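*Asks:* Make a model of this:
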Amino acid sequence: MNGFDIHRSAAVARKEVMHIMRDPFTLVLVMGLPVLLVVFFGFAIDFDVKNLKLAVYDRDNSRVSRQLVSVFDSSGYFIPSAVSSPSRAITGLDSDKFSAALLIEPGFGRDVGRGALARAQFVADGTDNSKAMAVLGYLPGISEAALRKFGGVTRSDPVPLKARYMYNAELNSRWFVIPGLAVIIIGLLSILMTALTVAREWENGSMELLLSTPLKPAEIIAGKIAPYVVLILGGVLFVNLVARFGFGVPFRGGIPLFLGGTLLFIVSALSQGIVISVVTRQQQLAMQLSMISGLLPSLLLSGFIFPIESMPVFFRYFTMILSPRWFMEIARGITIRGAGAADLAVPLLALAALSAALLAAAFKKFKRDLEP
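*Replies:* Modelled structure (predicted):
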């Protein structure tokens, strides 16, 4: 009776499984919701900037200037639309009708034909700096394509550089988005499941029955967590199948390593949910705290959207206490790069330390007395 008894913990787990089986909504929530959200947001979230409306003012109206416009059109990034004056182009930028403007003055085709320096002005809306930087990044490639299309026009650089993208040669943003999106959804769902389940028992009074038995807090917590670990692992499997066969996201790493990292992350998230439920003991408050602590930090500070390296120093260190930040590195590293254990030693160790700390906090907060 003094130590941890796995049989007593298994009895709690069986009780939790019976609750889950009597509530099909929980099964649907854990197994189906992650897949549904990944599919929905996987199509909705796309970091590739495309279909930008481009105002074109072409005073030259030559074969060469029309070829330049056609290069912008065929790039897939811009949708050209002719305007009658530069002022209309700028007015379109002011009213958000256009995202950029291309202004071609007379003599552009003549200068290109005789090998002289030909100029065309490109004006971009800088309201959204991330979109503006992406638009400016397209220009060198469009310029090269235009030179080839003009025919016989070449440009010799003193130091020619050729870029090669490893692991994601096409720069498909969905390969980057889908694994990160799965981390956010699985983490939030894990926190919510345990937070709401245990808080419901506090509200219903059934937790008092458990606390009146010889069961230890560690045995109760282990029994509560174990069924949800299995359920959420099933959800992770379905999410990865959808990512692989639905979105074409590769899986280049080892399955055992990915499974180990996933288990550490799930345990940390479930433990966080236990801590929230013990502190609040109310479902409504537990849900609110779960959403605040599980969604916003994971979404904004895990590297899902914003690179951690670009954050201020304080936030770069603050992200170290967030388990989604480390699992984000593990998930993307294994699926896209095929990283091994040595490559992911730091995030794996950090995730293991956070999981242990959250479990210890859950054990400490889970008191056997009936008073909050």
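
*Asks:* Tell me which residue is most central in the protein.
*Replies:* Note on the chain: the residue nearest the mean C-alpha position is Gly180, at 3.2 Å, using C-alpha atoms, centre = their mean.

*Asks:* so who does that one touch?
*Replies:* 302-304, 328, 331-332 (C-beta atoms under 8 Å, 6 or more residues apart in numbering). Every residue, glycine included, has its C-beta placed from N, CA and C.

*Asks:* Make TSV out of those and add pLDDT.
*Replies:* Formatted as TSV, the contacts of Gly180 follow (pLDDT from 0 to 100):
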residue	pLDDT
Ser302	90
Gly303	88
Phe304	88
Met328	93
Ala331	93
Arg332	92
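
*Asks:* Which helix or strand lies directly C-terminal to the strand of greatest length in the chain?
*Replies:* Ordering each strand of the chain by length in residues (DSSP state E) puts strand 52-58 first. Per DSSP states H and E, the first helix or strand lying C-terminal to strand 52-58 is helix 63-74.

*Asks:* Can you give me the buried ones in the helix or strand just after that following helix?
*Replies:* For helix 63-74, the succeeding helix or strand toward the C-terminus, using DSSP H and E, is strand 78-82. Neighbour counts using 16 or more other C-beta atoms under 10 Å place 78, 80 of strand 78-82 among the buried residues.

*Asks:* and strand 78-82, how far out from the chain's middle?
*Replies:* Centroid separation between strand 78-82 and its chain, computed with C-alpha atoms, centre = their mean, to the nearest Å, is 31 Å.

*Asks:* now swap in stretch 89-109 and tell me
*Replies:* Centroid separation for stretch 89-109 versus its chain: 34 Å, with C-alpha atoms, centre = their mean.

*Asks:* Kindly check the end-to-end length of it for me.
*Replies:* This stretch, stretch 89-109, spans 21 Å end to end (C-alpha to C-alpha, to the nearest Å).

*Asks:* In it, which residues are buried?
*Replies:* By neighbour count on 16+ other C-beta under 10 Å, the buried set for stretch 89-109 is 89-90, 92-93, 98-105, 108-109.

*Asks:* mind putting those residues in JSON lines, distance to Gly141, secondary structure and pLDDT included?
*Replies:* JSON lines is the format used below for those (distance: C-beta to C-beta, whole Å; DSSP: H, G, I helix; E, B strand; the rest coil; pLDDT from 0 to 100):
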{"residue": "Ala89", "distance to Gly141": "23", "secondary structure": "helix", "pLDDT": "88"}
{"residue": "Ile90", "distance to Gly141": "25", "secondary structure": "helix", "pLDDT": "87"}
{"residue": "Gly92", "distance to Gly141": "24", "secondary structure": "helix", "pLDDT": "88"}
{"residue": "Leu93", "distance to Gly141": "23", "secondary structure": "helix", "pLDDT": "87"}
{"residue": "Phe98", "distance to Gly141": "21", "secondary structure": "coil", "pLDDT": "89"}
{"residue": "Ser99", "distance to Gly141": "17", "secondary structure": "coil", "pLDDT": "88"}
{"residue": "Ala100", "distance to Gly141": "15", "secondary structure": "strand", "pLDDT": "89"}
{"residue": "Ala101", "distance to Gly141": "19", "secondary structure": "strand", "pLDDT": "90"}
{"residue": "Leu102", "distance to Gly141": "15", "secondary structure": "strand", "pLDDT": "91"}
{"residue": "Leu103", "distance to Gly141": "20", "secondary structure": "strand", "pLDDT": "91"}
{"residue": "Ile104", "distance to Gly141": "19", "secondary structure": "strand", "pLDDT": "89"}
{"residue": "Glu105", "distance to Gly141": "23", "secondary structure": "coil", "pLDDT": "85"}
{"residue": "Phe108", "distance to Gly141": "20", "secondary structure": "helix", "pLDDT": "86"}
{"residue": "Gly109", "distance to Gly141": "22", "secondary structure": "helix", "pLDDT": "85"}
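
*Asks:* mind putting the residues you listed in TSV, distance to Asp60 included?
*Replies:* Formatted as TSV, the buried residues of stretch 89-109 follow (distance: C-beta to C-beta, whole Å):
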residue	distance to Asp60
Ala89	15
Ile90	19
Gly92	20
Leu93	21
Phe98	20
Ser99	23
Ala100	19
Ala101	15
Leu102	11
Leu103	10
Ile104	5
Glu105	7
Phe108	4
Gly109	6
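
*Asks:* So which of those is the closest to Arg63?
*Replies:* Set against Arg63, the nearest of these by C-beta to C-beta is Gly109 (6.3 Å).

*Asks:* Could you list the low-confidence segments of the stretch 51-200 of the chain?
*Replies:* Low-confidence segments of the stretch 51-200 of the chain (pLDDT under 70): 151-164.

*Asks:* So in this structure, which helix runs the longest?
*Replies:* In the chain, taking DSSP state H as the definition, the longest helix is helix 173-204.
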